[in-house]
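Student: Generate coordinates for the sequence data below:
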Amino acid sequence: MKSISSEYIRVGRSEVSDDTLNGFVVYDDETVRRRIAENPKCSKEILERLSRDEARSVRTAVAANANTDTRVLLSLSSDRDPDLRYSMAENHNLPFQILDLLTHDENPYVQARALSTLSRKQTN
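Tutor: The predicted structure is shown next:
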C-alpha cells in the first residue's frame, strides 16, 4: 500500500501559502503537483503554469479548478489528450463558450459529452 506523502498533505491544506505551492510545482511526484492543481486556494498564475504539466492528471485537475482563468481553459480545450478534453466536456461548471467549443471537438465522444453537458446546463 502506497503511503500519502507529507508533501501531498501539505500542499492540500487550505492555509498553504502561494510560496509553498509555487515551490512544489516542479516537484517530481505527479500526485503532489495534481494536489496543488486541485487546491481551491491555488492562484491563477500557478494554475497557468501547471496547465503545461506533462502529466494529464495535473492538467485535468487544472481544468476542473474553479480558479482557472478562461484563457487557460481555452488552451486546455484543445489539449492533445482526448481524455482531458472529455473530462472538461463533463464539467457543467465550465463557461458556456468552452463547452460550446468542445461540441466541435475532433473526437466524437468529446463532442457528444459536451452536447449532453450543455443540454443539462440549459435545463437547470
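Student: From here on, just use CA atoms for contacts and neighbour counts.
Tutor: OK.
Student: Please enumerate the helices of the protein.
Tutor: Across the chain, reading from the start of the chain, the helices by DSSP state H fall at 6-12, 18-24, 30-38, 44-50, 56-64, 70-76, 82-90, 96-102, 108-123.
Student: So which residues make contact with the fifth one?
Tutor: What it means is helix 56-64. With CA atoms under 8 Å, 6 or more residues apart in numbering as the test, helix 56-64 has contacts from 30-31, 33-35, 37-38, 47-48, 50-53, 68, 73, 76, 81, 84, 87-88, 91.
Student: Can I have the buried ones of these as a PyMOL selection?
Tutor: In PyMOL, a selection of the buried entries from these looks like this (16 or more other CA atoms under 10 Å):
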select buried, resi 30+31+33+34+35+37+38+47+48+50+51+52+53+68+73+76+84+87+88+91
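Student: Could you chop the chain up by domain?
Tutor: If the domains of the chain are taken from automatic domain parsing, they occupy 1-72, 77-124, with pieces of a single domain joined by a plus sign.
Student: Enumerate every residue touching Ala37.
Tutor: So Ala37 contacts 47, 50, 58-59, 61-62, 65 (CA under 8 Å, 6+ apart).
Student: Can you redo the helices of the chain as a markdown table, where the extra columns are mean pLDDT?
Tutor: Supplementary listing: the helices of the chain in a markdown table, determined by pLDDT from 0 to 100:
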| stretch | mean pLDDT |
| --- | --- |
| helix 6-12 | 91 |
| helix 18-24 | 90 |
| helix 30-38 | 96 |
| helix 44-50 | 96 |
| helix 56-64 | 98 |
| helix 70-76 | 98 |
| helix 82-90 | 98 |
| helix 96-102 | 97 |
| helix 108-123 | 94 |
